[in-house]
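[1] give me a model of this one.
(one chain, ligands or ions: 2)
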Amino acid sequence: MEESLVRKKAELILGGDVRIPEGFRAPFRISKSTAGPGAGKRGVVFAFGGTRVKKGIVDSGGDFELIVKEEGYSLNRNGETFIDNVTIEPVIFHAPGQAFFNMDNRCIFRCIYCKSPNLENGSRVSGEKMASMIRGLPEGTGIGGIAITSGVAGGIEETVRGMIECVSVLHKEFPNLPIGVEPYVNEKSQIEAFRNAGVSEMKINVETARKDIFDLACPGLDQDTLLEMLEHSVSVFGRGKVASNIIIGLGETDGDVEAMMERLCDMGVVPGLRPLKAGPEELVRISGILGAPAGTDAERVVSLAKTQKRILEEHGLDVSGFRTMCFACGCCDLVPFRDL
Ligand code: SF4
Ligand code: SF4
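    Ligands and ions are numbered 1, 2, ... in the order given. Alright, predicted model coming up:
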């Protein structure tokens, strides 16, 4: 993708919502996310130049504006065209091309940047419900994979059991679709259990580039355990089939991010870089505990993505092993080898 569009994608990811014109009718069903950077918001996927970004939409305010043209759309910023030749892509569940479910958005933990525990109406979605939602998709829907994430409701063991039950139901009914999961795990046997149930791609997030930041940001969770689980996951699923997100913008330096990416790649894990997207409530929490976040600009996002690509290449890794979750979706990050 052109360098200027790479930067614009970074700016769009970091920026606020997209204002839609009065009476706008999206060409596809609008999704409302319960996990990820857009948690709690109505979201639309805007595609341009071979990439795409999912943004929250609002009727007033926002940092960008959707312009409906005779043919297609453009995105404006400050009254000027920011990105032209934009199309709108359909979302299956949460993401384009995949059915990505949040099994439970309640969580016993309180990671300081996480919106999920603050969303209302927490409840568990069963595997049967997920399967019936997929069954109910219009004929011809191009579904390329299934993914499940979850908050930790009740306890770690219980949540893992619930996710495994969902995977079993889904794998039995849709044996040809790859299934990815994003659990919080603390026992190696849980990883084998996921594989035995039908999982083919694993994502365990280390969350922060430095352990001291992790300990403050994710009280009650243990980053060393997560790293141990990641290493074991590679032995179960293979190199390049295990991913891990690092949030950037929590006070870490570029050197910290680079060191964590090296550590993950040494194990055969593919690191994803996720710019911090915090709402007002989360920002207050983050500032109180870590100090005011310095903020991450587009230049830093682009430069770290280039470093990410270099480190992946040096380790013979890429993102091609993923047909589910964030690397397959690509809506919230710069994806190495695809965007740059
Ligand atoms: S473990 Fe942390 S990041 Fe995950 S859902 Fe719970 S609070 Fe959010
Ligand atoms: S990149 Fe990940 S968090 Fe963002 S919309 Fe896609 S699947 Fe969801």
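
[2] which parts of this protein are strands?
    Along the chain, counting by DSSP state E, strands occupy 18-19, 31-32, 42-48, 51-58, 64-68, 73-77, 80-89, 94-95, 98-102, 145-149, 179-182, 201-203, 242-248, 270-275.

[3] rank those by mean pLDDT and give me the bottom one.
    Sorting these by mean pLDDT places strand 31-32 lowest, at a mean of 72.

[4] partners of that one, with directions?
    Pairing partners of strand 31-32, with direction, according to DSSP bridges: strand 42-48 (antiparallel).

[5] export only the CA atoms of the strand it pairs with, formatted as PDB.
    C-alpha atoms of strand 42-48 as PDB (Å, rounded to 0.1, in the frame of the first residue of the first chain):
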ATOM      1  CA  ARG A  42     -22.000   1.000  16.400                       C
ATOM      2  CA  GLY A  43     -19.300   0.300  13.900                       C
ATOM      3  CA  VAL A  44     -18.800   0.400  10.200                       C
ATOM      4  CA  VAL A  45     -15.900  -1.000   8.100                       C
ATOM      5  CA  PHE A  46     -14.500   1.400   5.600                       C
ATOM      6  CA  ALA A  47     -12.300   0.000   2.900                       C
ATOM      7  CA  PHE A  48      -9.800   1.900   0.800                       C
END
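
[6] show me the contacts for the closest residue to Ser123 other than its chain neighbours.
    Sequence neighbours aside, Asp104 is the residue nearest to Ser123 in space, at 7.3 Å (criterion: Cβ to Cβ, 6 or more residues apart in numbering). For glycine as for every other residue, the C-beta is placed from the backbone atoms N, C-alpha and C. The contact partners of Asp104, taken as Cβ atoms under 8 Å, 6 or more residues apart in numbering, are Gly122, Ser123, Arg124, Val125, Ser150, Gly151, Ala153, Thr159, Gly162.

[7] one more: Ala305?
    Taking Cβ under 8 Å, 6+ apart as the test, what Ala305 contacts is Val6, Ala10, Leu273, Asp333, Leu334, Pro336, Asp339, Leu340.

[8] nearest to ligand 2 among these?
    Nearest to ligand 2 among these, counting by Cβ to the nearest ligand atom, is Asp333 at 6.3 Å.

[9] assess the claim that Tyr156 and Gly162 are in contact.
    One correction, residue 156 is Ile, not Tyr. No - using Cβ atoms under 8 Å, Ile156 and Gly162 do not qualify as a contacting pair, with a distance of 10.9 Å.

[10] I'm done for today, thanks for sticking with me.
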